[in-house]
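# Fold the following.
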Amino acid sequence: METSDRQALPPLFPRHVRRPRLTRLLDETKAQVIVLTAPAGYGKTTLAAEWLQQRENVAWYRATEASADVAAFAAGIARSARRLVRISDRLDHALKLPSIPTDPSRRLAEIIADDISAWPDGAWIVVDDYHLAASRIVEEFLKWLIAFSPVQLVVTTRRRPSWLTARHLMHGHMLELNRTQLALRPHEAAEVLKGLSRAAVRTLLDSAEGWPALIGLGALAAQTALPEEEVGSVLFTYLAEEILRSEEEAAQQFMVMAALLPTLDPDSCRTILDDPRADAILRDLSSRGLVHRFGGSDHFHPLLREFLIQKLAERPGTMQQLTKRATRYFRERRAWDEAFAVAVSASELGEAAEIVGQAATELLKAGRVETLERWLMLCGPASFQPVTRIAQAGALIRRGRLAEARAVAEEVAIAADADSSLRSRALLLAGQASHLASDYEAAFNYHTRAHGVAKEQLDLIEASWGALIAAVELDRDDLDFHFESLVGAAGTEPDARVRVEIARLMISDRRGSLAGVWSHAHSTVDLAHYADDPMIASNALINFASANSLRGEFGIAQALAEQAVMLTRSKDLDFAVGFALAARGEAEAGLRDAVRSHETAEEMQALVVFHEDPQLAIDHEVLRLKIALAFRGQEGVIPNLDAFRYPDVPSNPYAELLALSAIVFAARGEVDVAHELKSRSISLARTAAVVHLAACFDLVAADLRSPVAGDEISTLLRTLEAADCLGCFVWAYRAYPNLLVRVEPGSLGARI
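Numbering: from 1, shown residues only. All right, here's what the predicted structure looks like:
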């Protein structure tokens, strides 16, 4: 688990001496980033703690192997920065998106950089043990974060970062202290080794070559004679053995067993090791420098821990029993990183695979796809268990590899027991992959099967929702049945209740009428803001805003759309911002707000160019036409239809564009073109907007042949009002004002 803490780290060894030679270099630098690069045991963390000890604006972030996932690393940096500056929740929501780019490093860096643009003077984040996190994508992320923001970092690492370039060092943007600078000078080592014989000091200094950890261990072992041939890691092992041997039996036992645990907090040590003296032993070990605190937790020095784990491995029975207790303890607390680390350290890959299956949903919600993929790889042959194959399918969907995801999920569904929860989960994933691939028939079948075997409420909700939205796309006759299924499964769950109202709107729209929809939906608007999933909330607000524009309630629509714009931007839902702007622009045009509607259209245009989404492009063209009609009528309005002549054009929005264009062309006198467009629109979709724009077109076309009577217009208005779609008449009379001239007084009501 990645942790962050403001506390200064105490020295590793009691005989630690201050190093003014190095802290003076750090005091004098103007660099934005300080990098301490050296092997284990060179005092990198201790030096950082010593230099920053008296400073107030300091946060610590200790990397672990889990931090090699850019989502985990970015989240950890954000948590640390939150101690120093105000950080929004945009990053959290960006990481929860159902699909993320293959390489999101730059985008995540931009999000954090926006929040820390006003970095406090003298504030520092220490990124400790960075080498554990330094995957290619994390390296890219930190490179962009440093480039985009004024954040000041102290980085301790065993390997030189790729972003630490000669140019940065030459211009003073970065400062590096390496193994040569960090090695103890003879006078510094002599301070550590006070009390030892001259012969011992001389032998140790010659062998250790300034390596602080070895010199410190030598002081702890307090040996008077050391084998001169022992150097490097062999010397460390020798000294560590002497230290362990000097402890009481109880402390030795504790140290060997506790080494399996990633962190040494008293509660986990007492429970897992079944040792009521854990608190006292930890205090004693800490007082003598064998345990030190950083990142908010107690740890053995990495070299000492490695030695102790080797000793534990010599007792396989004890290690296996301890592993079971430790993984159970961490799994019960949903501490997945710790549980997995223990299982892998003990080579219990079957246990590790079970942890992956249990943790997969939370990891994916947190955007930690890389972590999940790495864990699956580390599980080796055990990753072919059904529970891990389910996790793999979820990761493949996040990567956009939909055919593979569907195949894996289907394989698990076939192999799983009929009453197993794995079967419903596998079918849901196969359905999700099919829907994203626009195979709605397969999506419907998978979700229907999942509903039949689901045992838990959340699975029932997902199955009901998936079957319903596929049924809507297929225009099936049994929509009511699937809607009632969703209502029954939803219960009081907030996200599901919001989905119910979205579904009600979708079904009503497909049936050509919004009658009664808003009376149900308006009470859900406030609930949408409390939805756990911001995508559900934004989807609801956008749909409700568009529905109110169709109703002719442009004021309500504008307020809802503005909330949707704010929500999608604050939660960094980039793909949804354009659709929120489309809803807002339509409402602004409906209200004849010239300045704001044009500004919204310009914002949307930039997103159309960036995203290359055909539906967004069509929505922008519809907005452009409605703005033109609001302020110029049909004069000078030329619909751009040629841009959308390709096979995968979304049928429903394109049908609305055609229906609106038909009215514009009719008003311009191009009746033959107009009739063709109207026919095409009706053949593509029968949504409420299309059906009632087509009805308005019929009246315009009839009036062009022979002026229609006022009662015919009144009849149309009554039909539109019954369907709660009076907004269609607004765009029709703005294109063809003759309709408004012959409307009977009072028949329009307050909305038009």
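# How about residue 630: what's its closest non-neighbour residue?
residue 589 (4.5 Å; Cβ to Cβ, 6 or more residues apart in numbering). In this view, the C-beta of every residue, glycine as well, is placed from N, C-alpha and C.
# again, but for residue 281
residue 254 (4.9 Å).
# Could you say which helix or strand holds the one you found?
Residue 254 belongs to helix 249-258 when assigned by DSSP states H and E.
# Buried residues of whichever helix or strand comes after that helix, list them for me.
Next in sequence after helix 249-258, counting helices and strands by DSSP H and E, comes helix 266-273. Buried residues in helix 266-273, defined by neighbour count with 16 or more other Cβ atoms under 10 Å: 268, 269, 272, 273.
# Can you show me the strands along the stretch 151-300 of the chain?
Counting by DSSP state E, counting those that start in this stretch, the stretch 151-300 of the chain has strands at residues 153-157, 174-177, 291-294, 297-300.
# same thing with the stretch 501-650 of the chain?
With strands called from DSSP E, counting those that start in this stretch, the stretch 501-650 of the chain shows none.
# Which residue comes closest to the residue nearest the centre of the chain once chain neighbours are left out?
When Cα atoms, centre = their mean is applied to the chain, the residue found nearest the centroid is residue 95 (0.6 Å). Distances taken as Cβ to Cβ, 6+ apart put residue 367 closest to residue 95, at 2.9 Å, once the chain neighbours are dropped.
# Am I right that the residue nearest to the centre of the chain is in contact with residue 370?
No. Residue 95 is beyond contact range of residue 370, at 11.5 Å (criterion: Cβ atoms under 8 Å).
# Quick check: neighbours shared by the two?
Listed as contacting both residue 95 and residue 370 by Cβ atoms under 8 Å, 6 or more residues apart in numbering are residue 71.
# Quick check: which ranges of the stretch 401-550 of the chain have low pLDDT?
Across the stretch 401-550 of the chain, the ranges flagged by pLDDT under 70 are 418-419.
# neighbours of residue 94, just the number please.
Residue 94: 21 surrounding residues under other Cβ atoms under 10 Å.
# can you count the residues close to residue 315?
Residue 315 sits with 13 neighbouring residues when counted by other Cβ under 10 Å.
# oh sorry, the question was meant for residue 167
By other Cβ under 10 Å, 8 other residues sit near residue 167.
# so what's it up against?
For residue 167, the contact set (Cβ under 8 Å, 6+ apart) is empty.
# Need the per-residue pLDDT for it.
pLDDT for residue 167: 86.
# swap in residue 261?
Looking at residue 261, its pLDDT stands at 90.
# Make sure I have this right: residue 707 is in a helix.
No. Remark: residue 707 does not belong to a helix; assigned using DSSP: H, G, I helix; E, B strand; the rest coil, it is coil.
# From residue 663, how far off is it?
Separation of residue 707 from residue 663 (Cβ to Cβ, to the nearest Å): 17 Å.
# Compare these two and say which is more crowded by neighbours.
The residue with more neighbours, out of residue 707 and residue 663, is residue 663; 31 against 12, by other Cβ under 10 Å.
# isn't that one right up against residue 694?
No. Using Cβ under 8 Å, residue 663 is not in contact with residue 694, being 9.0 Å away.
# Name the residues that touch stretch 675-687?
509-510, 512, 641, 651-652, 654-656, 658-659, 661-662, 665, 690-691, 693-694, 697-698, 701.
# Would you mark the buried spots in it?
Judged by neighbour count (16+ other Cβ under 10 Å), stretch 675-687 contains these buried residues: 675, 677, 678, 680, 681, 682, 684, 685, 686, 687.
# So residue 662 sits against residue 696, correct?
No. Look at residue 662 against residue 696 with Cβ under 8 Å: they stay out of range, at 9.4 Å.
# neighbour-wise, which of the two wins?
Neighbours per residue, other Cβ under 10 Å: of residue 662 and residue 696, the larger number sits with residue 662, 31 against 26.
# hang on, that one in a helix?
Yes. Residue 662 forms part of a helix when assessed by three-state DSSP.
# Next up, the contacts around it.
674, 675, 677, 678, 681, 693, 694, 697.
# Equivalent analysis for residue 404, please.
Counted by Cβ under 8 Å, 6+ apart, residue 404 has contacts residue 396.
# On the three-state scheme, it is what?
Quick answer, by three-state DSSP: residue 404 is helix.
# pLDDT score for the residue nearest to residue 95?
Note on residue 367: pLDDT of 71.
# shouldn't it be in contact with residue 91?
No. Applying Cβ under 8 Å, one finds residue 367 not in contact with residue 91, separated by 9.1 Å.
# Run a quick neighbour tally on residue 46.
A count of neighbours around residue 46, defined by other Cβ under 10 Å, yields 24.
# so which helix or strand takes in the closest residue to residue 447 other than its chain neighbours?
Closest residue in space to residue 447, ignoring its immediate chain neighbours: residue 466 at 3.5 Å, by Cβ to Cβ, 6+ apart. Using DSSP H and E, residue 466 sits in helix 457-474.
# Hey, what's the angle from whichever helix or strand comes after that helix to helix 457-474? Just curious.
Following helix 457-474 in sequence order, the next helix or strand is helix 479-490 (DSSP H and E). Per axes from the mean of the first three to the mean of the last three Cα atoms, to 10 degrees, the angle that helix 479-490 makes with helix 457-474 is 160 degrees.
# Now do the buried residues in helix 479-490.
Residues of helix 479-490 classed as buried by neighbour count (16+ other Cβ under 10 Å): 479, 482, 483, 485, 486, 487, 489, 490.
# Show the model's pLDDT score for residue 231.
Residue 231 is assigned 40 on the pLDDT scale.
# Check residue 360 too.
Value listed for residue 360 in the pLDDT field: 90.
# and the gap between it and residue 340?
Using Cβ to Cβ, residue 360 is found at 11 Å from residue 340.
# Thank you kindly, that will do.
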